[in-house]
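Asker: fold the following and give me the result.
(chains A and B)
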There are 2 protein chains.
Amino acid sequence: MAELVGNVLVGQSGGPTSVINASVAGLVAEALNHECIEEIYGTLNGVLGLLNEELIDLASESQQQIRALKHTPGAALGTCRYKLKKQQDFERVLEVFKAHNIRYFFYIGGNDSQDTADKISKLAKEQEYELRVIGVPKTIDNDLAVTDHCPGYGSVIKYLATTVREVACDSESMGQGDLVSIIEVMGRSAGWIAAGAALAKRRDHPHDPPHLILLPEVRFNQTKVLEDIRRVLKREKFCSIVIAEGLVDDDGNYVAANAQTDSFGHAQLGGSGDALAEIIEANVPGVKVRVAKPGLMQRAAAHAASKTDADEAYLAGQAAVRAAVDGESDKMVTLLRGDADEYSCETGLAPLSEIANGVKKLPADWINEDGVSMNFQFLRYAQPLIQGEVEIPHENGIPVYARLDKIRVEKTLAPYETS
Amino acid sequence: MAELVGNVLVGQSGGPTSVINASVAGLVAEALNHECIEEIYGTLNGVLGLLNEELIDLASESQQQIRALKHTPGAALGTCRYKLKKQQDFERVLEVFKAHNIRYFFYIGGNDSQDTADKISKLAKEQEYELRVIGVPKTIDNDLAVTDHCPGYGSVIKYLATTVREVACDSESMGQGDLVSIIEVMGRSAGWIAAGAALAKRRDHPHDPPHLILLPEVRFNQTKVLEDIRRVLKREKFCSIVIAEGLVDDDGNYVAANAQTDSFGHAQLGGSGDALAEIIEANVPGVKVRVAKPGLMQRAAAHAASKTDADEAYLAGQAAVRAAVDGESDKMVTLLRGDADEYSCETGLAPLSEIANGVKKLPADWINEDGVSMNFQFLRYAQPLIQGEVEIPHENGIPVYARLDKIRVEKTLAPYETS
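Answerer: Take a look at the predicted model:
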């Protein structure tokens, strides 16, 4: 494989996670090791920065800030949910690549982002512009195909399992009347996140909170759920419920009202927790219901991130650079779990097209027959992903997160009209 | 002062905090130092346990579990919001005290709880039953009179300021269109908790998130708030808002709908965040609004507690025992701040009646003229309360919290009918 000399471009896309910046840190650290890489740029707000030629010089950031990216939430380069629509958009991207001699493009994101990367890669090939494109997985939703799991997932479920255990300590101590505590978590169409709350249970303590996990995979049956709640209340005097925002009823309708649609055509949900609270209050006399809705908090809670997750996100960034330098392209880094009893994880590669068009579902046989709890197969899968705590420096009592200088790379092209 | 030999009874009351159990740990540790104290009991669920003669033997708990109380959320002894209503209830309490030779009663709680303790103390005096009653302050609301601040407050604002900073990292990175992120926090009638989110700002960075803090002390003026939001969006492209649940409009009505009432006659609020979101969406075209509502999470988030707060809660427990053994009664432990520039805190005592009937308001002159941010006087007050992080042991990736054995003390009285 002939050495390809040129510049690196890194972009972030889609909803941030607690560890998406750890992948940037891994990418930058690894890129510095390779002489064929001349400049290390970032694109501001993913493909939006590409269209607008808004690039920043990552090599000029202080080492301190790049290191701090390992524990900083949000997307430090900026992100977007913009979808490249027309052929002209893709042509523009390549024009920007050519103008800045970008030969290595790393895109950190989920399905939609890997699809975008795939299309850019294929257009470059068509135009015989030598470009190596490697995707880096990122999503709290854990729904990317091929990879065993996705960076971002371990941290969101560690935070939520911690939260469920804490709120249960609180609810359990309220000694007067029955109390139902609902935590509404993200999960548009898959229950990976809600399922992760099962890790709040101690081993061999099936009655530990959360008592009910309501997954999008299991149709919401009001009669059955109310029966479940009454049974738990009778036993425990309180009932801890984790509910996915994307809960669907027997007729296939979202339990939450007011579904809106984002720019990728996905439903933006919210309110399944409040909807369930109303149902409970109307049907279980004298019960108190409290709803918590962490919303964006859950994907930004770097202060409670999983060290395993952060380390793997960093590793995925490093692996992307090594693969590209070794001549790979049009692939995404995957995480491969070792076969041994003790958890181990290394990286692999899979074609971007396989990622772009696949979705990894929560296996139906990992859900217990009761429909509201997870079995040992899920626990064996998820447990290793939340191990270890990330040490975060604090200043004046609050975590200190990276702030990049974002020094702009000079524009050389005429402005582009984004639609 | 003649030595008073007998048993100790500890109770917890009202809403838990992240550090209410640290006070129990301090009480138990200190009680063990005094030979005049024979048994150390806890009452299950505060006054409910007293009426029902449900006492547990705290001395028989393992030292490990008592130590773990220092970082365990919820109320480990159980708590309640039950209000002793009739004279008969108070007589029953004394009857239980006499039956178990309780000579030292420590009640950890807020205004209502200190009022209860005061009445019990006065009845004992009337009946010439020698009893020493010392209250221990506890409330995330920080609204107790006399004491400089309340155990529980530092931890809730540390958690919320951390959360505001993290969610801001996330919101700031969404590069497409305007985004308003609302975090609805507790605070029925006072803005102490919402104000604490101001600690997310770095010093001398007035434009840092949170951009708007909406306090119950400042009447909600829709036109003005919408103007504020538009101005921030123009400058930052995102707007971080912290809103108290008890926000009141120009006519004195709660901005949140559906106010209910708890057993003390306080309004149970919720929904000011959703109400504000609707107003913004109806008036600011094209803006996206995301609401997070941590609810019970905020008062249970021991994993992000303030070490200063936890240490002071422990100290308050110790001080209560020492005061009682020294002959004090009918008082609450207060926290006194030193006069020096460097923060220091020691304990004092104040009559229970002063606590029971007072409320500490957020000083109006600590709110900036803009009505949506806090000035340096508030920051100087609050900053020291969030310093330091509590180390929490983890098992399988999740914090490990204390679980008491709760070995019951044998009942000796006939059952009592609670109303």
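Asker: which SS class is A:Gly135?
Answerer: Judged by DSSP: H, G, I helix; E, B strand; the rest coil, the three-state class of A:Gly135 is strand.
Asker: which helix or which strand is home to the closest residue in space to it that isn't next to it in sequence?
Answerer: Using Cβ to Cβ, 6 or more residues apart in numbering or on different chains and skipping residues adjacent in sequence, the residue nearest A:Gly135 is A:Met332, 3.5 Å away. (C-beta placed from N, C-alpha, C; glycine too.) Counting by DSSP states H and E, the element that carries A:Met332 is strand A:331-337.
Asker: who's in contact with that strand?
Answerer: A:114, A:117, A:134-137, A:144, A:146-151, A:312, A:316, A:319-320, A:323, A:343-352, A:355 (Cβ atoms under 8 Å, 6 or more residues apart in numbering or on different chains).
Asker: now with 6 Å?
Answerer: A:114, A:134-136, A:146-149, A:312, A:316, A:319-320, A:345-352, A:355 (Cβ atoms under 6 Å, 6 or more residues apart in numbering or on different chains).
Asker: residues from chain A in reach of chain B?
Answerer: Taking Cβ under 6 Å from any Cβ of the partner chain as the test, the list of chain A residues beside chain B reads A:16, A:45, A:48, A:73-75, A:78-80, A:82, A:158, A:161-163, A:165-167, A:169-170, A:173, A:175-176, A:290, A:292-297, A:300, A:302-304, A:386-387, A:397-399, A:401.
Asker: ChimeraX command for the buried members of those residues?
Answerer: Filtering the residues of chain A next to chain B down to the buried ones (16 or more other Cβ atoms under 10 Å in any protein chain shown) takes a single ChimeraX command:
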select /A:16,45,48,73,74,75,78,79,80,82,158,161,162,163,165,166,167,169,170,173,175,176,290,292,293,294,295,296,297,300,302,303,304,386,387,397,398,399,401
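Asker: among the residues of chain A next to chain B, name the ones in strands.
Answerer: A:290, A:292, A:398-399 (DSSP state E).
Asker: would A:Phe105 count as being in a helix?
Answerer: No: counting by three-state DSSP, A:Phe105 falls outside a helix, being strand.
Asker: for it, give the beta-bridge partners.
Answerer: A:Leu9, A:Val133 (DSSP bridges).
Asker: measure it to chain B for me?
Answerer: A:Phe105 sits 18 Å away from chain B, going by Cβ to the nearest Cβ, to the nearest Å.
Asker: that residue and A:Val8 touch, don't they?
Answerer: No: counting by Cβ atoms under 6 Å, A:Phe105 does not reach A:Val8; the two are 7.9 Å apart.
Asker: now do the strands in the stretch 101-250 of chain A.
Answerer: A:102-109, A:132-137, A:179-185, A:212-214, A:238-244 (DSSP state E, counting those that start in this stretch).
Asker: before we move on, the earlier item: off-centre distance for the strand holding A:Met332?
Answerer: Taking Cα atoms, centre = their mean, to the nearest Å, the mean C-alpha location of strand A:331-337 is offset from the chain mean by 15 Å.
Asker: so who does A:Ile243 touch?
Answerer: Neighbours of A:Ile243 in contact, by Cβ under 6 Å, 6+ apart: A:182, A:184, A:214, A:272-273, A:276.
Asker: what of A:Ala364?
Answerer: For A:Ala364, counting by Cβ under 6 Å, 6+ apart, there are no contacting residues.
Asker: what's it sitting at in phi/psi?
Answerer: When read as degrees, to the nearest 10, the backbone of A:Ala364 gives phi -60, psi -30.
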